[in-house]
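Participant: sequence first, then the predicted structure, then my questions.
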Amino acid sequence: MAAEQKVQTKLIHQLEKAGYYVIKLSVTNKTGIPDIIAIPKNSDVEFIEVKAPGKKPAPLQEYRHKELRNHGLKVSVHDGTEQYIVRER
């Protein structure tokens, strides 16, 4: 295991033990984005699953949605059949 990988693995375990929901990014549409997203419980973070019109999330996606909701985070599924309401911050 490479040195950076060891540091990353140790950090992820520490964050999860402290109650964070941790996401390791391997692919992103933004270059230069950090490797890990660490989200504390009940954060003002929103996860949006995008599906084709009329399609539903796969069982693994549903499981992840449940994990995120259990962590106090907002998760929604958007299939384009209704207008998505963007909340200004």
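Facilitator: It's in.

Participant: name the helices or strands packed onto the top helix by length along the chain?
Facilitator: Ranked by residue count, the top helix of the chain under DSSP state H comes out as helix 3-17. Judged by 3 or more C-beta pairs under 8 Å, 6 or more residues apart in numbering; DSSP states H and E, the packing partners of helix 3-17 are strand 21-24, strand 36-39. Yep, even glycine has a C-beta here, placed from its N, CA and C like the rest.

Participant: TSV please, covering those and showing mean neighbour count, distance to Tyr84 and mean pLDDT.
Facilitator: As requested, those are exported to TSV (neighbours: other C-beta atoms under 10 Å; distance: least, C-beta to C-beta, whole Å; pLDDT from 0 to 100):
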stretch	mean neighbour count	distance to Tyr84	mean pLDDT
strand 21-24	15	22	94
strand 36-39	16	21	94
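
Participant: what sits up against the longest helix of the chain?
Facilitator: Residues outside helix 3-17 that contact it (C-beta atoms under 8 Å, 6 or more residues apart in numbering) are Met1, Val22, Lys24, Asp35, Ile36, Ala38.

Participant: surely the fourth one and Leu25 touch.
Facilitator: In this case it means Asp35. Yes. If you go by C-beta atoms under 8 Å, Asp35 and Leu25 touch, sitting 6.1 Å apart.

Participant: determine which of the helices and strands packed on helix 3-17 approaches His71 most closely.
Facilitator: strand 21-24 (4.5 Å; C-beta to C-beta).

Participant: who does the closest one pair up with?
Facilitator: Counting by DSSP bridges, the strands paired with strand 21-24 are strand 36-39 (antiparallel).

Participant: which is the next helix or strand following the strand it pairs with?
Facilitator: Scanning forward in sequence from strand 36-39 by DSSP states H and E, the next helix or strand is strand 46-50.

Participant: so what are the sheet partners of that following strand and their directions?
Facilitator: By DSSP bridges, strand 46-50 pairs with strand 74-78 (parallel).

Participant: quick one: the residue nearest to Ile36 when sequence neighbours are not counted and Pro34, what's the gap?
Facilitator: Nearest non-adjacent residue to Ile36, counting by C-beta to C-beta, 6 or more residues apart in numbering: Lys24, 5.7 Å away. Applying C-beta to C-beta, to the nearest Å, the value for Lys24 to Pro34 is 10 Å.
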